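Visitor: Need the 3D shape of this:
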Amino acid sequence: MFPRIKSFKNKDGSIRHYLYLVETKRIAGRVKQVITANLGRLDKADRNLPDIIEKLSKFTNRLKIINLSRDMKSDWVKEYGSVIIFRRLWEKLGIDGHLKKYLSKRKIGFNAEGLIYTMVLNRLMEPKSELAIHDWSKSLYGIKPPEDLNQWYRALDFFIEHKEIIEKDLFESQKDLFNSEVDIVLMDTTSLVYFGDGDKAESILNYGYSKEKRFDLKQVIVGILMTKEGLPIGHEVYPGNTNDIGAFKEMIRVVKTRFKIRRVVIVCDRGMVSEDNIQTLESDGYEYVVGMRMRQLKTENAKKILSIKDMAPVTKELKGKEVHLKGRRLIVCFNEEESLKDKKKREEIIARLIVKLKTQGLKSLLIHKEYSKYLKIKADKPSLDEERVKSEELFDGKFVLETNTKLNWKEVILSYKDLWRVEAAFRTLKNELEIGPVYHYTERRIRAHIFISFLALVLKATFHKALLNIDKSLSLTKVLEDARKIKATQITIKDAPLVLRTELEGNAHLAFKAVELKIPPRILDNPHGIQENVVVRLS
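Guide: This next block holds a predicted model:
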């Protein structure tokens, strides 16, 4: 017989762990493992000792088992699966080696590389402030927090000093890891609002256009560079009043100088580029693929350009075509499924508007944007603008791109579709990794906090790509959830501690396969050198 730990998920998301006695038997010619006793919950072993003794009393070797159960207790349960899986990626990307290389040039006096990894891991698991990470890190198996809290902040200061060279090293590691060639770089920016006293960071904290609609707060602008496969290349931080074209031009310079990427194609959505910005890009010789505001087209041009009669298929969902208008190269795209959704949404709005026209006044209707666009006002009396309703049908399920590249028009559409990867990256940074809000009060700490979040994004994106290389249907969220269920737990038998690994559940084994890591043994630590057969066999 031997012990086995099994984990179960509660309705509130917490995990409980049980200790069982398992016996190997041959049944119908096949070897099977049969549970012979449930010894109770690991975190309640002391309270459950009477029950454990009663269960063990059924066995013939009663005395030895009872003595063992009296001396057995559960000490702790710690995070383990995510810790070693992301550490493996950290090392495969060479981040540990790069940091240690730069650290070796300075007598820093503590394990700054380990602290930086812990802060990155925290972004991936349970984002907290740097101060709270100290206590949180005690719940991780194999990671020992420093006695001096200031070492967390000193590690950040060292870290940000080497930001550019670390990103460059990381870029080369990613290319080697996935044998990828970078030809198109996707770019996007977002704003991060700032809370706190930032008097020492006035050089980057400014009021500006807030994408979070917090115009009452100062902010910083973060730009991300990403390959079309979704791998982050680098990031830049700009003052909060920097406009998009200024950020883009600086990021292009970074791409061409630091990363030595010869060709850069700016891909951005229609909300970020004006006519003036396009002229700036043209005059500076940059290639671009940008979304165009369709409703700015004149009616006669719109009807001709947006016609779907001569469109050719691009993907299963998309059709498209190339048109030229006054020297501008336009690519028109159509998605039939989205067209039906747009039509249904408009019909629902119109139905509500017809009811409200009978009960509400002009002022209350005008403040609702979805209603006001379909209103016709005559002598202060609103009515339904049926001509506008009819004209809107022309735009259903369509979008228009403008480009000056020599890419095939189908490649232009696919490049623009890849933009969702950057937008998804920002959602991950803000929501899952909780990059904001920012509280640090010095510029270098603000930049270091953002860099930590960026590296967490790199690890998550790299892990996702590695998973897709195994099976494109795998869910990143589900695999990570299963990996987090793997715990390390210490039990003590007759004053001898023993650290065990909990069982793998669901797709946890695929997490190890993705990062090319061998599944750890069930016994993780045996400091007293207890022989396995002595611990495992209860006779």
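Visitor: count of residues packed around the closest residue to Leu103 other than its chain neighbours?
Guide: Nearest residue to Leu103 in three dimensions, chain neighbours excluded: Ala112, at 5.8 Å (CB to CB, 6 or more residues apart in numbering). Where you see a C-beta, it was placed from the backbone N, CA and C, and this is true even at glycine. Neighbourhood size, Ala112 [other CB atoms under 10 Å]: 23.
Visitor: what do you get for Ile450?
Guide: With other CB under 10 Å as criterion, Ile450 counts 22.
Visitor: I'd say it and Gly234 touch.
Guide: No - between Ile450 and Gly234 there is no contact under CB atoms under 8 Å: 11.8 Å.
Visitor: pLDDT at Pro382, what is it?
Guide: The per-residue pLDDT reported for Pro382 equals 84.
Visitor: And for Phe171?
Guide: On pLDDT, Phe171 comes in at 86.
Visitor: Contact partners for it?
Guide: The contact partners of Phe171, by CB atoms under 8 Å, 6 or more residues apart in numbering, come to 233-234, 259.
Visitor: of all the residues you listed, which comes closest to Gly397?
Guide: Nearest to Gly397, judged by CB to CB, of those is Ile233 at 32.5 Å.
Visitor: Could you verify that that closest one is part of a strand?
Guide: Yes - counting by DSSP: H, G, I helix; E, B strand; the rest coil, Ile233 falls inside a strand.
Visitor: In this structure it contacts Met226, no?
Guide: Yes - counting by CB under 8 Å, Met226 is a contact partner of Ile233 at 6.1 Å.
Visitor: Quick check: neighbours shared by the two?
Guide: Shared contacts of Ile233 and Met226 (CB under 8 Å, 6+ apart): Val185.
Visitor: what residue lies at the spatial centre of this protein?
Guide: Taking CA atoms, centre = their mean, the centroid of the chain lies closest to Thr428, which sits 3.9 Å from it.
Visitor: so that residue sits in a helix?
Guide: Yes - applying three-state DSSP, one finds Thr428 inside a helix.
Visitor: got the contact list for it?
Guide: 457, 460.
Visitor: and Lys73, what helix or strand is that in?
Guide: Element membership of Lys73 [criterion: DSSP states H and E] is strand 72-79.
Visitor: what about that strand, distance to the chain center?
Guide: 31 Å (CA atoms, centre = their mean, to the nearest Å).
Visitor: what's the neighbour count on Asp495?
Guide: 8.
Visitor: correct me, but the residue nearest to Leu103 touches Tyr102?
Guide: No - Ala112 is not in contact with Tyr102 according to CB under 8 Å; the separation is 9.6 Å.
Visitor: so what sits against both of these two?
Guide: Residues touching both Ala112 and Tyr102 (CB under 8 Å, 6+ apart): Phe158.
Visitor: Let me see the ranges of the helices in the stretch 351-500 of the chain.
Guide: Under the criterion DSSP state H, counting those that start in this stretch, helices of the stretch 351-500 of the chain are mapped to 362-366, 369-372, 386-392, 409-417, 419-427, 443-470, 476-484.
Visitor: average pLDDT across the shortest one?
Guide: When pLDDT is averaged along helix 369-372, the result is 80.
Visitor: Show me what it packs onto, helices and strands only.
Guide: Judged by 3 or more CB pairs under 8 Å, 6 or more residues apart in numbering; DSSP states H and E, the packing partners of helix 369-372 are helix 336-359, helix 362-366.
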